[in-house]
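# Give me coordinates for this.
(one chain, ligands or ions: 1)
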Amino acid sequence: MRRPIIAGNWKMYKTPSETVGFLHDLAPMVTAASRVEIVVCPPFVDIAAAVDAARGTAIGIGAQDLFWLKEGAYTGEVSAPMLVAAGCRWVIVGHSERRQYFGETDESVLKKTAAAVEAGLTPIVCVGERLEEREGGQTERVLARQCSGGVCGLTPEQFARIVIAYEPVWAIGTGRTATPEMAAQAHHFLREQIGIRFGDEAAQACRILYGGSVKPDNIKNLMEQDDLDGALVGGASLDPVSFAAIVNV
Ligand code: PGA
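Got it, this is the predicted structure:
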């Protein structure tokens, strides 16, 4: 039985005081959602405030990125043990915006994922094709490559502790969601790829989230798909009312 996850990716939005206000508003709206794991991933500077404000609630806090080494002369970077010490339990790895704007590669995604697992965080590892790749019929090739160069390099023990997010890049922030059938097809394909590397049991146990313009009015149809275990939500996670509506579906 795969427990669903609804995770909010705030990207570069909100200050610490806005974070506190958001969590105080959100917490009472999601108390009935005990079947779902709720995660909020604010910018680094908001994490301490978020952990404090979420204490005593079922809301877990995550980061949006990390560096794979524990410490050292790496200006601007934050390590997995630092995130754990700050109270994070989750971390997004390999988001397409990091791949597109900050040079993230399958290789760095693999290193970051392994580092997160070793520190005790649950990484949410993002994969997904760009528009021209989908239109060129390359979706499965791209997903297979991202898997083989990324999460398939983990040990089976490490793999058992990760979550995957399928995020078609053309659906992120565009209002253009994948149809539930498109999402289901990609999730099914990803599960097959995982099965080839880690076996059927591991593939069936792995939670795969969908991300890309998830909103209160499309989450229900998405969640009805068998292979879909929750959502990674960007824009609609910034407002406590819409995020709560997604969680409560
Ligand atoms: P979106 O972003 O929901 O705003 O499309 C999703 C994401 O980038 O994780």
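# Once you drop chain neighbours, what's closest to whichever residue of the chain sits closest to the ligand?
Closest contact between the chain and the ligand, by Cβ to the nearest ligand atom, is at residue 234 (2.2 Å). All C-beta atoms are positioned from the backbone trio N, CA, C, and that covers glycine. Distances taken as Cβ to Cβ, 6 or more residues apart in numbering put residue 9 closest to residue 234, at 5.1 Å, once the chain neighbours are dropped.
# Would you confirm that the one you found contacts residue 232?
Yes. Assessed by Cβ atoms under 8 Å, residue 9 is found in contact with residue 232 at 5.8 Å.
# which residues do those two both contact?
92, 211 (Cβ atoms under 8 Å, 6 or more residues apart in numbering).
# Let's verify the residue of the chain most remote from its centre: helix, strand, or coil?
For the chain, the residue at maximal distance from the C-alpha centroid (Cα atoms, centre = their mean) is residue 73, at 27.9 Å. Three-state assignment for residue 73 (DSSP: H, G, I helix; E, B strand; the rest coil): coil.
# same question, residue 141
Classified using three-state DSSP, residue 141 is helix.
# Give me the neighbour count for it.
12 (other Cβ atoms under 10 Å).
# show me the contacts for the residue nearest to it when sequence neighbours are not counted.
With Cβ to Cβ, 6+ apart as the criterion, residue 141 has its nearest non-adjacent residue at 7.9 Å, and that residue is residue 133. Applying Cβ under 8 Å, 6+ apart to residue 133 gives the contacts 139, 141, 142.
# Next secondary structure after the host helix or strand of residue 109?
Element membership for residue 109, per DSSP states H and E: helix 106-119. Downstream of helix 106-119, the next assigned helix or strand under DSSP H and E is strand 122-127.
# packing partners for that next one?
Strand 122-127 sits against strand 90-93, helix 106-119, helix 139-149, strand 163-166, with contacts defined as 3 or more Cβ pairs under 8 Å, 6 or more residues apart in numbering; DSSP states H and E.
# For residue 195, find the nearest of those.
Of all the helices and strands packed on strand 122-127, helix 139-149 sits nearest to residue 195, with 10.9 Å by Cβ to Cβ.
# who in this structure is up against the ligand?
Selection of the chain residues close to the ligand by Cβ under 6 Å from any ligand atom yields 9, 167, 172-173, 211-214, 232-236.
# sorry, back to before: and the residue nearest to residue 234, backbone torsions?
The phi/psi pair for residue 9 (degrees, to the nearest 10) reads phi -110, psi 110.
# what pairs with the residue nearest to the spatial centre of the chain across the strands?
The chain has residue 124 as the residue nearest its centroid, 3.9 Å off, counting by Cα atoms, centre = their mean. As for beta bridges, residue 124 partners with residue 92, residue 163 under DSSP bridges.
# residues contacting it?
Listed by Cβ under 8 Å, 6+ apart, the contact set of residue 124 reads 5, 7, 39, 62, 90-93, 162-165, 209, 232.
# ok, and the most crowded of those?
Counting by other Cβ under 10 Å, top hit in those: residue 93 with 30 neighbours.
# Nothing else from me, thank you.
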